[in-house]
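Enquirer: Quick check, what structure comes out for this input:
(one chain, ligands or ions: 1)
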Amino acid sequence: MSADRPNVLLVEDEPAQREVLAYNLQAEGFDVAKAGNGDDALMLVDETRPDVIILDWMLPGVSGIEICRRLKSNADTRKIPVIMLTARSEESDRVRGLETGADDYVIKPYSVVELMARVRTQLRRVRPASIGERLEFGDIVLDAETHRVTRGGRAVKLGPTEFRLLSTFMEKPGRVWSREHLLDRVWGRDIYVDTRTVDVHIGRLRKALCQFGGEDPVRTVRGAGYALG
Ligand code: CA
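Expert: Got it, this is the predicted structure:
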């Protein structure tokens, strides 16, 4: 899994539909984890920490609704956007789906193009840099599509790791990131890197951002990690 590509968990028990959707999600540049039942889905949520979940309502075993309810009542997973897929269109079912805390709701048969747009909408909310948005913080501008960063209008050259660090920070200004969390997000979960490596790259990022003067935008939070602003 690549660290900066969005991670989508696709939960659908019909193999043909699952493969079509997985193909389209991969073509969008997303990493895709697939589950065909509720138990696998819950396991993969822990393993892959998806940015978005596409969740079929009718599943063998634990139902889509029950999975959604569990995810939304758990502090660790509550913020992961869930897009529910369902063949049912009755109003009462729709209400029940929304009551479980689903973030969006798509009725089968759906258009794949439409569903991809809904996925991007959710990603824009939780991981804007991952889908090529332009982010701004004070006088710093990061263009995720062209991988260009400027500060006060002057180009700032960053290495790939520093760029990913900055885009992670800029997606959630003010949020305090622990070193471990930054390792997961910037380096990827499968890679073993010493947490001190994070400090080294934060140092490089600070140096690059302050090369023309200006305040250091990266804050060290004692005992907790780093934050932007
Ligand atoms: Ca189904």
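Enquirer: shaky segments in this structure?
Expert: For the chain, the stretches with pLDDT under 70 are 1-3, 88-98.
Enquirer: Distance-wise, check the spatially most central residue of it relative to the ion.
Expert: For the chain, the residue nearest the mean C-alpha position is Asp51 (3.1 Å; CA atoms, centre = their mean). Going from Asp51 to the ion by CB to the ion, to the nearest Å gives 23 Å. Bear in mind the C-beta positions are built from the backbone N, C-alpha and C, glycine included.
Enquirer: Let me know whether that residue touches Leu123 as I believe.
Expert: Yes. With contact defined as CB atoms under 8 Å, Asp51 counts as touching Leu123 (6.1 Å).
Enquirer: can you give me the strands for the protein?
Expert: Applying DSSP state E to the chain gives strands spanning 7-11, 31-35, 52-56, 82-86, 104-107, 134-137, 140-143, 148-151, 154-156, 218-221, 225-228.
Enquirer: if we look at the first one, which residues are touching it?
Expert: With CB atoms under 8 Å, 6 or more residues apart in numbering as the contact definition, strand 7-11 has outside contacts at 1, 18, 21-22, 25, 30-36, 38, 40-41, 44-45, 48-56, 59, 64, 67, 119.
Enquirer: same deal with the second one?
Expert: Identification of contacts with strand 31-35 by CB under 8 Å, 6+ apart yields 1-2, 5-12, 18, 22, 25-26, 41, 43-44, 47-48, 50.
Enquirer: Is that strand positioned near the ion?
Expert: No. Strand 31-35 does not reach the ion (CB under 5 Å from the ion); its nearest approach is 11.7 Å.
Enquirer: Using CSV, write out every CA atom in that strand.
Expert: The C-alpha trace of strand 31-35 is given here as CSV (Å, rounded to 0.1, in the frame of the first residue of the first chain):
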residue,chain,number,x,y,z
ASP,A,31,-5.7,1.5,-3.1
VAL,A,32,-8.5,-0.9,-2.6
ALA,A,33,-9.1,-3.5,0.0
LYS,A,34,-12.0,-5.9,-0.7
ALA,A,35,-14.3,-7.8,1.6
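Enquirer: hang on, isn't Pro135 packed against Thr168?
Expert: If you look again at residue 135, you'll see it is Leu, not Pro. No. Applying CB under 8 Å as the test, Leu135 and Thr168 come out as separate, 10.5 Å apart.
Enquirer: When these two are compared, which one has more neighbours?
Expert: Comparing Leu135 with Thr168 by other CB atoms under 10 Å, the one with more neighbours is Thr168, at 22 against 18.
Enquirer: For the more buried one, list the residues it contacts.
Expert: Going by CB under 8 Å, 6+ apart, the list of residues near Thr168 reads 129, 177, 182, 185-186.
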